[in-house]
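*Asks:* Please work out how this folds:
(4 chains)
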Amino acid sequence: MILFYGMLIYSALREMPRYIKRKDWRGGGIFAFFWLTALAISIYMSLGFKRPLLNRIIYNFIKEMFPFITKLS
Amino acid sequence: MFSLLFKKLKFLQSLISKPEAPSSPREDPLTGNLVKDLAAFRKQVGDSPDIVVREFNISHNISAAVIFIDGLVLDPLVNQHIMHPLTQLNEHDVVYKKGRDLFDSLKNKLLPVGSIREESSLTKTIERVFTGATAILIDGSKKAILTYIPGWERRSISEPDSEIVVKGPREGFVETLRTNTALLRRKIGHPGLTFETLVIGQRTRTEVTIAYLNGVAHPKLVQEVKRRLERIKTDGILNAGYIEQYIEDAPFSPFMTVGYTERPDVAAARILEGRVAILTEGTPVVNTVPFLFVESFQSPDDYTFRPYFTTLTRWFRYIAFAGSVLSPGMFVALTTFHQELLPTPLLISMAAAMEGTPLPAVGEALVMGLIFEILREAGIRLPKAVGQAVSIVGALVIGEAAVQAGFIGAPVVIVVAFTAISSFAVPKQFDVGALLRVVITILAGLFGLYGILIFLIITFTHLVSLRSFGIPYLSPISPLMPKDLKDVLVRAPAWAMVTRPESLDISDPVRQEFDLMPGPENDKKNQKN
Amino acid sequence: MNRNRLILIFGYFLLNLVFGTGCWDSRELDELAIISGIGVDKEGDKFNLSFQIINPTGLKGGEGGGNQGSGGGGTETFVVAQSTGRTIFDAVENVRNQIERIPFFSHNEVIVLGRQLAEEGIYPGVDFFLRSPQPRPTQWVLIGSEKAGDILRPKAEMEDTSARALKLLVDFGRQSWVPAINLEEVNAAMTQKRGAYLIPIVRVQGDKGKLFLDGSAAVMKRDKMVGEVNPGESRGLKWMKGEIRNAVVVSELPNQQGLVSTRIFLNRGSIKVNLTPEGIPRVNVYVYVEGEIEDMSGKFNLTSTPGMDLVKKQVALAIKKEIQSAFQKARSLNADFINIGRILYQNHPQVWEDMEHKWDEIFPEIRAHVTVGVSIWRVGEVSKPAISE
Amino acid sequence: MKLEKGRIGLKGTVLIMIGYIYGSTAILSPGVGVGQDAWVAQTIGLGLALIVVWVNTLLLARFPGQTFIEINERVFGPYAGKFISLLFLWYIFHLGSIVLIDHLDFVRLMIIPLTPAEVVVFLGILPCIYAAYKGLEVIVRTGQVLVVFTLLYFGLITLFQVQSYDFANFKPFLVTPFPKLAWAGLTAASFPYLETVVFLMILPFLNQQNKVRVAVYLGLFFGGLVVIWSIMRLILVLGDTAVNYVYPSYYAVRIINIAELLNRFEILAAMNYIMIGFLKVTVLLYAAGLGWAQLCKCQDYRPLLLPLGALMALVSLNNFEHVVGNFEFTTQVYSIYALPFSAGLPFLVLVGAWVRGLPGKVKNK
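*Replies:* So this is what the prediction gives:
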């Protein structure tokens, strides 16, 4: 996990001054959005919680919507 | 800890950001009054013992002076061709009394010297004198006569040590720019060969000449080279290596994007392909741009031997380069991560050989690599006789004894020896090879083949993204130019290389006629019919 | 300046990466116990594993004139470790109590399955080797005549390990009479619901424990051993599949004229399944062989076309006999190791669908028609025996 | 203002399309579920895809030189357009994370089993971010060499496997019941072929805009051929047992053993899977980064790549709880999940453009 923190910190140190210099607030905003999301997930994962299992959710949902799949595959 | 470093960096930057005010050359015209001019001259250059100012009279009444730097001119010839005619004039010979007429007659009639030029500025005159000219100042004339009878000590043309060929010319560039341009002229007789000269370095005033073939080299390329050279504002250029660093495309890349050669035939071949050569005064190395990655694997001998053989050797060079970069890393990865990939008998004998060695395989590979690099460095810098002793001691003592004592496994020594030898097979890239090798070995020790592969992908992406003077570094492989592979994957016979490299984007792509395949006359006729 | 700062920080993390983390998967060569042969036995409800582990120090002494002399020739080239466990992997982990190195399976050459395991079902014995990424799928699978552990124990005379010797025996034998099968093929064969397959049996002979691979094989149905075939019968199967590369056919000439041995070096075979109008499958086997006469006992004169024809006929007869004996054995065991069911499925899927569930009744009824074509080119350097009249 | 200044050539585009399609099918080998008819299912899938991408080519022909995000905004206005773009970007992003974990799971299971997933994924995303950072031209130029290597590897393996080909494995031909086959075909269409919808973000930078259709069809067709041949090869070598393995194509390479001399080729296979996975993830990451930047009208897409790449890697770690979940997802529900994005969105936009008569008076511009 420390690798991901490193990557995020590196990207922030690298990009934030450039955004401020360019006064590109819109780009900075979207950058910050991704950055914070990634940071949140990293923290969540490094705290050792159970993983959210995104595709499992999609899988269960679609399986319930279309029950014929099980027969076909 | 970091803040301290930052402060240091900031301080360093503040030093750099105050560039020295360049001493703007004042235009200092010659007055025509010899006494005054000489005084001004002395004031500017001081009183160095090597500056010779010889004052004399032309036929009693006209005073004149000859100025040159002792050691830069050929004394006997100056005496014979300049001093002698001038001092031996008598009144009757001086038809024209003074001023302009005298000047012209001197220049046109009396001085038996080939290279002559006029100069009206004192500063320029000084500059030229300092680069080897002999100046003649005449009282009453606002211009100085500059003659060139250079005569400093120069090295004779000899075979370059770094690029030795078996079958080809033995001459190499020397430190004198004029000799080098002459060497190029002798190779390329076409008037299209153009030299353009710039002076770079505020203190060293180094003459830098670019050479290209007009009509073949792309004008934009020439323009770009000139632009980058003119950008250089520094105090001194002592070596072509300095120029390389100022004009290259990717200064942070470990790969060089400016080529170099010591051989006039190689330089001429590159110029013929549409490249631009940069000749620097004082260096026997000529830079050529743009430089492509594949050029590192070409050798002048490739074009003198039979095509099949050279194709083979060229492939050996590719393999050697890959081997020099990869083999320690692969060794580490295979012996510590992926033992299943080794054939069983090999694995068993390797296991037997490495039984009981104290270091892990990564450590062994790194240590042996380090020892090899040290030996190489020591061997280069030491005098030749001692160098041999070093290599013997290194090979025998460190290699043999370490294995005997069980410090190092024999396979590591074999791998490092193979790496060492193969790294010399591609001399142009061996610096990059050494660098990549270390990184790959460490990564192999951490992540095995996966680490190696990830690093190779990154390196490859980097190579692809490089450009040398606008030309993609990896062309003609990527972007793929199938026509140019005739000199990459194979070495086509000379008569088959009809076009110049497409990847260089040159004005005149056709090198020769199509129908040049040799053969008996009759056969050719039959083929046509 | 910004760039410098970033490089510094990145370098700091790179250092962290190098020193702060480990090299999880790295195993030095001298930490490995390189296993060259595995024996799997079943004792009661427990598995008993025998590992033949290569001892590099022993090899070092034997190989190159001895390094420090300390290794010497006295060290064994391999050691055998045994362990028991409720599953295979359990036993693999248990062996680590005895050997100080990590067991390493990638260079395993053979897996020997004990007889009892074979009778009770081999799948639990091979699943670990199929599942783990280490063991190679191309290693040979054999069945021990007795306990697998006893087969791995004796020393090989010419090879470093007896497992290697066994592998070389299979490599050679599969050209002629051994129905060699590797791990991947065992797995594929086990998926056939109605089919059967052969796994060669290895025996130990004599006091010194000489390994012996004569071509007899265990007949397996799914993962259980149901019987045994003798060398001739297993070679009958190989003739049909066209797998013979080097074999000797000894045929008897009529009227006590002596024996002829023929070396077969080329063999093509095909099995066709047709349906009779009543819907009963009928097997047609076509075999073609090429060979040369190697030796002959008796006075038979070869220098005539009818003479050669006679020899060819006798060779064909001998091969036919072997093929028929294979069919005979398959019928008597009711084990379809010729894979007629599969051929039927491939060519007549609808018919197979009807027959599949009653295949055990149909199979013993199936008759085969065998055609053998023989071509003999060379007779050696003697055309007429010295003692012929 | 153009975010991407690079222009790419036809040859390179077709080549990376081939690599992209071959991408994760190299590892997972879809459609093996229908036994020896898997290649038929693949062919059906390719056929379906060839029809469906017609929509994409029409769309690109209507709006030459504009990416899908820009087209959306033109067709549906700022709000609805942005919403559709968001759906599209989510799909690309999620697909990237799936592909990433598909390939790195392979590395993790087969090559370095004890190394933590985080490290493997981190290392895996690094070259992708680097290449995406260098821009489209570099991606294509790197990719085309990798694809050429892949094709060479492909030929080599085909050659080496010849001895274990068993043509009887194809028989019996077409015994799978039709609904099952059709479903497998649909899965095949959406698994490798329709994932090329991401090229709606890349093809606008083709230097010959009139050749877009050629590029799409050539890439799809040859990519399909490669995939179909790889599946056929798998059936030839492994037969029905292919379903028994987690990574059948890797297994098929492992059993190559020619004269005890030419064996242990799995190193080539593994290298190939990593390289081709790198290519696919890079394309997806690049498209996602460029798409977000265009969506939000940023001045530069490159700064977004690092956090986006990190996010992609983190999401990929949170996709499944185990390998089985991955297989279930890919083989069972992926096609239903993906089709609305990969076929539905372009179709919707095309219909929207057609109804609104866009682009109406482009010529005045």
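*Asks:* Report how many residues lie close to the nearest residue in space to B:Gly445 that is not next to it in sequence.
*Replies:* Leaving aside its chain neighbours, B:Gly445 sits nearest to B:Val362 (3.1 Å; criterion: C-beta to C-beta, 6 or more residues apart in numbering or on different chains). Every C-beta, even on glycine, is put in place using the N, C-alpha and C of the backbone. Neighbour count of B:Val362, defined by other C-beta atoms under 10 Å in any protein chain shown: 24.
*Asks:* same question, D:Arg74
*Replies:* As a burial measure, D:Arg74 scores 18 neighbours (other C-beta under 10 Å).
*Asks:* wait, what's in contact with the nearest residue to it once chain neighbours are set aside?
*Replies:* Counting by C-beta to C-beta, 6+ apart, D:Arg74 lies nearest to D:Leu358, which is 6.2 Å off, once chain neighbours are set aside. Contact partners of D:Leu358, counting by C-beta atoms under 8 Å, 6 or more residues apart in numbering or on different chains, are D:Arg62, D:Arg74, D:Val75, D:Gly352.
*Asks:* Dump those residues into JSON lines; add secondary structure as well.
*Replies:* Below are these laid out as JSON lines (DSSP: H, G, I helix; E, B strand; the rest coil):
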{"residue": "D:Arg62", "secondary structure": "helix"}
{"residue": "D:Arg74", "secondary structure": "helix"}
{"residue": "D:Val75", "secondary structure": "helix"}
{"residue": "D:Gly352", "secondary structure": "helix"}
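*Asks:* mind putting those residues in TSV, pLDDT included?
*Replies:* Shown next, in TSV, are these (pLDDT from 0 to 100):
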residue	pLDDT
D:Arg62	85
D:Arg74	84
D:Val75	86
D:Gly352	88
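*Asks:* so which of those residues is the most crowded?
*Replies:* Going by other C-beta under 10 Å, D:Val75 tops these with 24 neighbours.
*Asks:* Distance check, it against chain A.
*Replies:* With the distance defined as C-beta to the nearest C-beta, to the nearest Å, D:Val75 ends up 22 Å from chain A.
*Asks:* Please apply the same query to C:Glu322.
*Replies:* Counting by C-beta to the nearest C-beta, the gap from C:Glu322 to chain A is 46 Å.
*Asks:* try B:Arg178
*Replies:* As judged by C-beta to the nearest C-beta, B:Arg178 and chain A stand 49 Å apart.
*Asks:* Setting aside sequence-adjacent positions, which residue approaches that residue most closely?
*Replies:* B:Pro150 (7.6 Å).
*Asks:* And the residue of chain B closest to chain C?
*Replies:* B:Glu340 (3.1 Å; C-beta to the nearest C-beta).
*Asks:* quick one: buried residues of stretch B:302-317?
*Replies:* B:Asp302, B:Tyr303, B:Phe305, B:Thr310, B:Thr311, B:Thr313, B:Arg314, B:Arg317 (16 or more other C-beta atoms under 10 Å in any protein chain shown).
*Asks:* For that stretch, the averaged confidence score.
*Replies:* Per-residue pLDDT over stretch B:302-317 has a mean of 89.
*Asks:* give me phi/psi at the nearest residue to B:Ala217 once chain neighbours are set aside?
*Replies:* Spatially, and ignoring its direct neighbours in sequence, B:Ala217 is nearest to B:Gly274 (4.9 Å; C-beta to C-beta, 6+ apart). For B:Gly274, the backbone dihedrals (degrees, to the nearest 10) come out as phi 100, psi 10.
*Asks:* what's the burial count for B:Gly274?
*Replies:* Neighbours around B:Gly274, by other C-beta under 10 Å: 23.
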